[in-house]
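> sequence-free structure coming up:
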């Protein structure tokens, strides 16, 4: 199989200088401000984005090395299959977060609800459109009785090298 190579289109800025104590999902990061610095050659791609309330950031987990197919996710103490979690140590360390779009200033996109480590390489930005996503009700698997703990959840050292 061919290798796939992605090049960052920018960098995500946040108040979190290291992975420890970062909110584990945007729902646990309500109100935390950050920004996305788009490289100048991609500026034109920001046209028409300002009309959306939320955007999806697709990024590279740049501080993880290696992966495990069984992990202990932040909201559990049992081993789970990595594809049944949002753990950062994955075969392809790609993350995604839905954040609130605050403003766009030239090549800087100001956002809220940021759950991402500072200086994370940005791979893509997409508008979040709930109406085109599959509707509910949704089954939450092993997370069903743990989602209520999300607001207080913070990362720890379980995925550090």
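Nice, thanks for sending it over. Computed from a predicted model, the values in this text were never measured in an experiment.
> need the contact list for residue 62.
Contact partners of residue 62, counting by CB atoms under 8 Å, 6 or more residues apart in numbering, are 93, 117, 119-121. For every residue, glycine as well, the C-beta is placed using N, CA and C.
> Just the buried ones from those?
93, 117, 120 (16 or more other CB atoms under 10 Å).
> SS state for the closest residue to the last one other than its chain neighbours?
This points to residue 120. Using CB to CB, 6 or more residues apart in numbering and skipping residues adjacent in sequence, the residue nearest residue 120 is residue 12, 4.4 Å away. Three-state assignment for residue 12 (DSSP: H, G, I helix; E, B strand; the rest coil): strand.
> One more: residue 45?
Under three-state DSSP, residue 45 comes out as helix.
> Tell me which of the contacts of residue 62 fall in strands.
Of these, the ones assigned to strands by DSSP state E are 120-121.
> now the contacts of residue 62 in a markdown table, with pLDDT?
Converted to a markdown table, those look like this (pLDDT from 0 to 100):
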| residue | pLDDT |
| --- | --- |
| 93 | 94 |
| 117 | 95 |
| 119 | 98 |
| 120 | 97 |
| 121 | 98 |
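> and which of the contacts of residue 62 is nearest to residue 43?
Of all the contacts of residue 62, residue 43 sits closest to residue 121, with 17.4 Å by CB to CB.
> and residue 55, what are its bridge partners?
residue 99, residue 127 (DSSP bridges).
> That one contacts residue 111, correct?
Yes: Residue 55 is within contact range of residue 111, at 7.2 Å (criterion: CB atoms under 8 Å).
> Strands of this protein, start to end?
Under DSSP E, the chain gives strands at 10-13, 33-38, 54-60, 70-71, 80-81, 94-105, 108-112, 120-127.
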